[in-house]
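Asker: Prediction below, plus the sequence it came from.
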Amino acid sequence: MWLKTKKLEQEFIKCLFDIGFNLLENSKSFKNNADLKDEIFAFLQKIISKYGKELSGSMTQITARITSVLYKIEEIADPLAEFVVVYTENDSDSTFAVNILEELTTAIFNSDSSHESTGIKNCSVFLSKLSLRIPKVMFSSLGKLLGLLD
């Protein structure tokens, strides 16, 4: 019934990934249940660890989604940073983290951050966690991050 093609697998994996992020963006889903957020990230990490290569074509959309979630949801920075670290360590390629840092710095530059205290706070926690866990990636992206000090 289902023809197993690479395109079909990629679309299915992307659909699962979208489901995970839709659940994260619906903060009501884990407002009263803190364990649910951890389960959602465990779900996303399993997808990334098993099918990360298949998602490489969708990285632009994924990094934009991560940046969006980071700006919108309180207390998401720690698990999101852990998610990025796990993906970077499993893939042995820092491209994912570098792309997120580029997207994040662009989002910070292009937004009026004076009224977005949640987003800025999350960004600082996120960057701090990444610098502790994957310092080589952060060092390689230092040029992009220096612009944040202006």
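Answerer: Good, I have the coordinates. Numbering: from 1, shown residues only.
Asker: helix/strand/coil for E75?
Answerer: coil (DSSP: H, G, I helix; E, B strand; the rest coil).
Asker: residues in contact with the residue nearest the centre of the chain?
Answerer: Closest residue to the average C-alpha location of the chain: I66 at 3.7 Å, with Cα atoms, centre = their mean. Shown in contact with I66 (Cβ atoms under 8 Å, 6 or more residues apart in numbering): L80, V84, I100, E103. Backbone N, C-alpha and C define where each C-beta goes, glycine included.
Asker: Who wins on neighbours among those residues?
Answerer: I100 (26 neighbours; other Cβ atoms under 10 Å).
Asker: buried ones in the host helix or strand of it?
Answerer: Secondary structure assigned from DSSP states H and E places I100 in helix 95-110. Neighbour counts over helix 95-110 (16 or more other Cβ atoms under 10 Å) mark F96, A97, V98, N99, I100, L101, E103, L104, T105, A107, I108 as buried.
Asker: roughly how far apart are the fifth one and M138?
Answerer: If I follow you right, that is I100. Here the criterion is Cβ to Cβ, to the nearest Å. By it, I100 lies 11 Å from M138.
Asker: what does the third one give?
Answerer: When distance is defined by Cβ to Cβ, V98 is 10 Å away from M138.
Asker: for this protein, what spans make up the helices?
Answerer: 6-25, 34-51, 59-72, 77-91, 95-110, 117-133, 135-140, 142-146 (DSSP state H).
Asker: Please produce TSV containing the ones you listed, extended by mean pLDDT.
Answerer: Below are the helices of the chain laid out as TSV (pLDDT from 0 to 100):
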stretch	mean pLDDT
helix 6-25	81
helix 34-51	81
helix 59-72	83
helix 77-91	83
helix 95-110	83
helix 117-133	87
helix 135-140	89
helix 142-146	80
